[in-house]
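Student: here's a sequence, model it:
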Amino acid sequence: MRKTLLTFLCFLVTIVVAAQQPVLNFDATKYKTSGERLKALGDLCDSSARVEAYRNMFTTARYALLITPANDYYNLSRFNFYIGAYNQGIDGDTAIAYLEKSVDYGRRANNPKRIVNGLERLLYMYSEMDGYARQRDKAAQEALRIVDTTRNNRFKHSMYNALTKYYETLGRREQQMNVMLADLEIFKQDLPLQKLNGADSTDLGVAYINISALYLELKQPKKALEYLSPSKKFLDGYKHAILHYYKNTADAYLQLFRPDIASVYRDSLTDFSMQEFGPPPTDKKNERNDWDIRMFSDLSFADYYLTNKKVDSALFYMNIARSLAETSLLDTLNLTAFNYKMGQTLVAAKDYTAALPYLKSAEKIGLDQGPEQYGNVLREIAKCYSGTGQWQQSALYYERYLPIRDSLYTVDIQKSMADAEAKFQNKEKQQQIEAQQKDLGFAKKQRLWLTAGLLLTAVIAVMLVVFYRNKKKTADVLDGKNKELSELNNELEEANQTKAKLFGIIGHDLRAPVKQMYQFLKLQKLNVHNEQEKAGRAAKMEKATESLLETMEDLLLWSKTQMSRLNPNVKEIALLPVLHPVEQLLQLPVEEKSIQLQNNIAPGTTVMADDNFLQTIYRNLLQNAVKASPPGATIVVGMAAQHGHAILSIQNSGRSFAQADFEQQTLAGRTTQTLNGLGLQLVAELSGKMNAAVRFTALAEGTLAEVIFAAKN
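Tutor: Residues are numbered from 1 along each chain as shown. Predicted coordinates:
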């Protein structure tokens, strides 16, 4: 199965030459000196590489080599590097030849950047190609020396990238992990020192995913999840890295025997693929492979259920994977991985006839898929022939499989010995580090004693200054006390003003409801009504008493707003159940003035508000509308919407009242002949606390009051 490591996404480009780039168009006459021309050509190569115009990069570099002086080692190194990079995906031997020249010229130029850039690619190519074992090991030693001696973290990062591939090729997983962890630490050290941009963030996220993938290969899923957890926030929209995040997380939970959680991440992988790439293709005409990572997640699930002897479940996921494999453009290795897993699953299901074509297809690329995978293919083919009774063919494939198995055992032993040797070397190096730390500790103590002496001298000098500063300090303390006293006086003055305002409100807002009760009692005393009318008047007296209670609650609300202790509970509420009780409370003054109250709000209308706040606001606004309206007038209550905001409107005839009047009333805290100014102040404060606004519009003959609520989203 294809490995999910992304280690070299940061520097290894895939060379695509199907679309030919334009021929080099370079005007050398624009530059006065050879150095200026070569610098311009180098910049052109860099810009071509950034836009993946690799053919143009190659053509430019080849032309530049023709005009580069024989003693200009820097530019000879630079342009040989471009040609070598171009040939990486075309001709490995040619790429190595040019990269070796680049490193050699970089050494002659004594330029660390040119050496590191060339050595990084060169070590990667040595690890990829057969026949370069000696050169590969020598380049790795040089890379390790650079890591130990340089202070340039970018150089270290480049060398760690190449060493990761080197140790992966040798199968030295522990050393590979150490290198990747060291590289991760460089990322974590550098990022706090610079602005976190998209490229740096993505590199860090990919580093986390690479380490998790290696832990999955080592069957350590808990460690894999430990590094997957922080990775996603750094990926910054890097689609393929996010796909690997979902797949690796699902694989980790499969290794932890939690297919339920793994399915959640597989679903996330599916949703993200659907969102970014659209539905899977239905045929190969689109030449897309956007869904290949999801396909490999299906292979992981199939492998999990095969391991746990649940063949039916494994076949279920393999059939899903087949629908993707048959309609996606997969490279040879990925298609081979699918064919092997499909054949293995069918063998487990004892459907040997169906399994054999898949396994024979997987056999075609031979050892290119890796000796372990190739050996597994041969073993499964042998099982197929055995299952169909073709014993001779089965024996033939077992004979081909056994030497590969034995060689793998030998390699495993060598890996174990290499890991043991690496642990010993690490232990020895750790002892050297501890010895150096002891020496550093002694030197540190000496520095501490010297520093202590200097500090003692400084303390004596400071003490001489302290006596002089004491008087100034005493004066500052006295000044601070005076400021505190002034603040206390201001707070006392504010408290007195609030108390005076409270008494003013009590004298104003309680007068109206008490007056109504007085009128009711006076009519009751005259005894001019029959029993039915008395009962009606008693009910109205009850309403007036309730109105008095509501007014007292208004006062309590206002006093809380003055003390900043009133917190609203804003939520979506039905409007009519809040408004109707207020209209019932004001029924008496409405009837006395023969006013028609017309409520046009549809049932089920909702707004974002605090129901208690809204009821208080509506009561004050409707009460003011009743006061301002002449006898026999009509008050219209309605609902509208504007720019996503619900608007409650109350329109009355009579004397007009504008927004400027409202602002003046709320600031001054005074009353007019027809409107309750202190009530309006309470309206303004309560509406502000629940993120609503109150607006007054003066009409030709009347006033339109509106409460604009917060948007529901």
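Student: from here on, contacts and neighbour counts on C-alpha atoms
Tutor: Fine.
Student: flag the shaky bits of the stretch 601-713 of the chain, pLDDT-wise.
Tutor: 668-678 (pLDDT under 70).
Student: for it, what spans make up the helices?
Tutor: 611-628, 659-668, 677-689 (DSSP state H, counting those that start in this stretch).
Student: okay, those helices in JSON lines with mean neighbour count and distance to residue 390 next?
Tutor: Listed next are those as JSON lines, based on neighbours: other Cα atoms under 10 Å; distance: least, Cα to Cα, whole Å:
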{"stretch": "helix 611-628", "mean neighbour count": "21", "distance to residue 390": "84"}
{"stretch": "helix 659-668", "mean neighbour count": "16", "distance to residue 390": "98"}
{"stretch": "helix 677-689", "mean neighbour count": "22", "distance to residue 390": "86"}
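Student: redo the ones you listed as TSV? Include distance to residue 477.
Tutor: Shown next, in TSV, are the helices of the stretch 601-713 of the chain (distance: least, Cα to Cα, whole Å):
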stretch	distance to residue 477
helix 611-628	46
helix 659-668	39
helix 677-689	40
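Student: quick one: closest of these to residue 452.
Tutor: Nearest of the helices of the stretch 601-713 of the chain to residue 452, taken as Cα to Cα: helix 677-689 at 58.8 Å.
Student: render the CA-only coordinates of that closest one in CSV, please.
Tutor: Extracted as CSV, the C-alpha positions of helix 677-689 are listed here (Å, rounded to 0.1, in the frame of the first residue of the first chain):
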residue,chain,number,x,y,z
GLY,A,677,-39.6,61.6,29.8
LEU,A,678,-38.3,59.5,32.6
GLY,A,679,-40.2,56.5,31.1
LEU,A,680,-38.4,57.2,27.8
GLN,A,681,-35.1,57.2,29.7
LEU,A,682,-35.9,53.7,31.0
VAL,A,683,-36.9,52.7,27.4
ALA,A,684,-33.5,53.9,26.1
GLU,A,685,-31.5,52.1,28.8
LEU,A,686,-33.4,48.8,28.6
SER,A,687,-33.3,48.7,24.8
GLY,A,688,-29.6,49.3,24.8
LYS,A,689,-29.0,46.5,27.2
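Student: low-confidence regions, the stretch 351-500 of the chain specifically.
Tutor: For the stretch 351-500 of the chain, the ranges with pLDDT under 70 are 365-370, 404, 407-434, 436-437, 440, 494-495, 497-500.
Student: next, the contact list for the residue lying closest to residue 579 once chain neighbours are set aside, please.
Tutor: Distances taken as Cα to Cα, 6 or more residues apart in numbering put residue 615 closest to residue 579, at 6.5 Å, once the chain neighbours are dropped. Applying Cα atoms under 8 Å, 6 or more residues apart in numbering, we find residue 615 in contact with 578, 579, 582.
Student: what sits against residue 493?
Tutor: Here residue 493 is in contact with no residue (Cα under 8 Å, 6+ apart).
Student: looking at the helices of the stretch 601-713 of the chain, which is closest to residue 126?
Tutor: It's helix 677-689; of the helices of the stretch 601-713 of the chain, that one is closest to residue 126 (Cα to Cα) at 70.4 Å.
Student: one step back: quick one: the residue nearest to residue 579 from residue 604, how far?
Tutor: 17 Å (Cα to Cα, to the nearest Å).
Student: the helices of the stretch 601-713 of the chain: which one's closest to residue 124?
Tutor: Closest to residue 124 of the helices of the stretch 601-713 of the chain is helix 677-689 (Cα to Cα; 64.9 Å).
Student: which strands or helices does that closest one pack on?
Tutor: helix 531-562, helix 611-628, helix 659-668, strand 693-699 (3 or more Cα pairs under 8 Å, 6 or more residues apart in numbering; DSSP states H and E).
Student: a markdown table for these, including distance to residue 588?
Tutor: Conversion of those to a markdown table gives the following (distance: least, Cα to Cα, whole Å):
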| stretch | distance to residue 588 |
| --- | --- |
| helix 531-562 | 7 |
| helix 611-628 | 11 |
| helix 659-668 | 26 |
| strand 693-699 | 25 |
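Student: for the ones you listed, which one sits closest to residue 238?
Tutor: Residue 238 lies closest, by Cα to Cα, to one member of the helices and strands packed on helix 677-689: strand 693-699, at 43.7 Å.
Student: only alpha carbons, please: show the closest one as CSV.
Tutor: Below are the C-alpha coordinates for strand 693-699, written out as CSV (Å, rounded to 0.1, in the frame of the first residue of the first chain):
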residue,chain,number,x,y,z
ALA,A,693,-32.6,50.5,19.2
VAL,A,694,-35.6,52.9,19.6
ARG,A,695,-36.4,55.3,16.8
PHE,A,696,-39.0,58.1,16.7
THR,A,697,-40.3,59.7,13.5
ALA,A,698,-42.4,62.8,13.5
LEU,A,699,-45.4,62.4,11.1
